[in-house]
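K.L.:
sequence? don't have it. structure:
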């Protein structure tokens with residue numbers, strides 16, 4: 001399997017409000033930047049969309065090391081919350097699960113790729129996380145001015 005590193009971030013102005021996401025995929029010496037946004041969304045939707053879009057971009061099953069500043073995503077995977085939500089028919093222990101469509105798509109992608117999720121501190125000294133943040137903010141701002 002090819003080994004790929006992915007960095008992602010999401011941004012939102014208001015919650016809900018205009019939002020954006022950014023992702024960087026790195027394979028050997030190749031680097032690809034992706035970004036997008038929505039006029040009315042939430043921060044968590046943008047964080048998830050960045051991860052999902054990056055994984056969807058891969059053309060074959062890969063071994064992925066993913067870096068995000070979203071504890072929501074890292075904890076959902078590493079603490080097995082996602083597996084629990086799936087086992088409870090996409091519900092949380094205390095009720096409704098938000099962003100079911102995105103969690104279901106991420107779950108599907110995790111059956112294709114071998115992904116290790118790593119948390120990085122946001123707005124700190126990680127150059128690639130900061131670049132993803134800049135991509136996300138740039139997209140968010142496009143929708144803020146629309």
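P.N.:
Received the coordinates, thanks. Because the structure is a prediction, the values reported are computed rather than measured. Numbering: from 1, shown residues only.
K.L.:
how many residues are close by residue 21?
P.N.:
31 (other Cβ atoms under 10 Å). The C-beta positions use only the backbone N, C-alpha and C, and glycine is treated the same way.
K.L.:
who touches it in this structure?
P.N.:
Residue 21 sits next to 8-11, 35-37, 46-47, 49-50, 53, 135-136, 139 when contact means Cβ atoms under 8 Å, 6 or more residues apart in numbering.
K.L.:
just flag the most distant two among those.
P.N.:
Every pair in the contacts of residue 21 was compared (Cβ to Cβ); the two farthest apart turn out to be 11 and 53, at 14.6 Å.
K.L.:
now, among the contacts of residue 21, which is nearest to residue 92?
P.N.:
Out of the contacts of residue 21, the member with the shortest distance to residue 92 (by Cβ to Cβ) is residue 47, at 17.4 Å.
K.L.:
could you list the low-pLDDT ranges of this structure?
P.N.:
Low-confidence segments of the chain, defined by pLDDT under 70: 146.
K.L.:
need the residues that contact the longest helix seen in the chain.
P.N.:
Taking DSSP state H as the criterion, the chain has its longest helix at helix 127-144. The contact list for helix 127-144, computed with Cβ under 8 Å, 6+ apart, reads 7-13, 17-24, 33-39, 46, 50, 67-69, 120-124.
K.L.:
same question, stretch 76-89
P.N.:
75, 91-93, 97, 103, 106-107, 110, 115, 117.
K.L.:
just the buried residues from the residues you listed, in ChimeraX please.
P.N.:
Selection of buried members from the contacts of stretch 76-89 for ChimeraX, criterion 16 or more other Cβ atoms under 10 Å:
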select :97,103,106,110,115,117
